[in-house]
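*Asks:* sequence and predicted structure, then a few things I'm wondering about:
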Amino acid sequence: MENYAAEAVRLAHDFGSELDYSERSLAVLEDILDRLSAKLAKPGTAGVKDSAQEQIETASRIWGAYFGETIRRLWGGDWGVETYPGTVAPVISVDIGGAKLFPVMKVHRRLSQGESENVWKFYQMVREKVSSGSRQ
């Protein structure tokens, strides 16, 4: 996952942006994902579905790795593989003090479902929960 995250740092330059694993960079990531989602092929056109899905899955791994690696570095978490609630498939996760996050899945939802899955807002919610948990 660290290699995918490093690829995201490199690719950010294609968007005129810089990612540095800081909390601030997660707002930059959201901007990149917003622009990327507008560029990705949308399923529904004949012959486009497989290509669009493949593009979203590849982008989700790269940008999701950056999202997860930044959170892991900020909060001291660990990468792992978990079964996502309601599924049987193993999914890459980040464990932060017992809380399981699924950054690749979150980015996939951001790219496929749009602004309602904003990663910056999600991170702010996570930060609030993690920081209040560490004060208890």
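*Replies:* Here it is on my side, so go on.

*Asks:* for the longest helix belonging to the chain, buried residues please.
*Replies:* In the chain, with assignment by DSSP state H, the single longest helix is helix 49-75. Within helix 49-75, the residues that qualify as buried are 52, 55-56, 59-72, 74-75, counting by 16 or more other CB atoms under 10 Å. In short, each C-beta sits where N, CA and C put it, glycine included.

*Asks:* quick check: the residue sitting nearest the centre point of the chain vs residue 109, distance?
*Replies:* Geometric centre of the chain, nearest residue: residue 64, 2.9 Å, by CA atoms, centre = their mean. Note on residue 64: its distance to residue 109, by CB to CB, to the nearest Å, is 10 Å.

*Asks:* how about residue 57?
*Replies:* 12 Å.

*Asks:* with residue 59 instead?
*Replies:* For residue 59, the distance to residue 109 - CB to CB - is 12 Å.

*Asks:* helix, strand or coil for the residue nearest to residue 114 when sequence neighbours are not counted?
*Replies:* Leaving out its chain neighbours, the residue that sits closest to residue 114 by CB to CB, 6 or more residues apart in numbering is residue 37, at 6.6 Å. Following DSSP: H, G, I helix; E, B strand; the rest coil, we place residue 37 in the helix state.

*Asks:* contacts only, for the residue nearest to residue 35 when sequence neighbours are not counted.
*Replies:* Nearest residue to residue 35 in three dimensions, chain neighbours excluded: residue 15, at 6.2 Å (CB to CB, 6+ apart). By CB atoms under 8 Å, 6 or more residues apart in numbering, the contact set of residue 15 is 31-32, 35-36.
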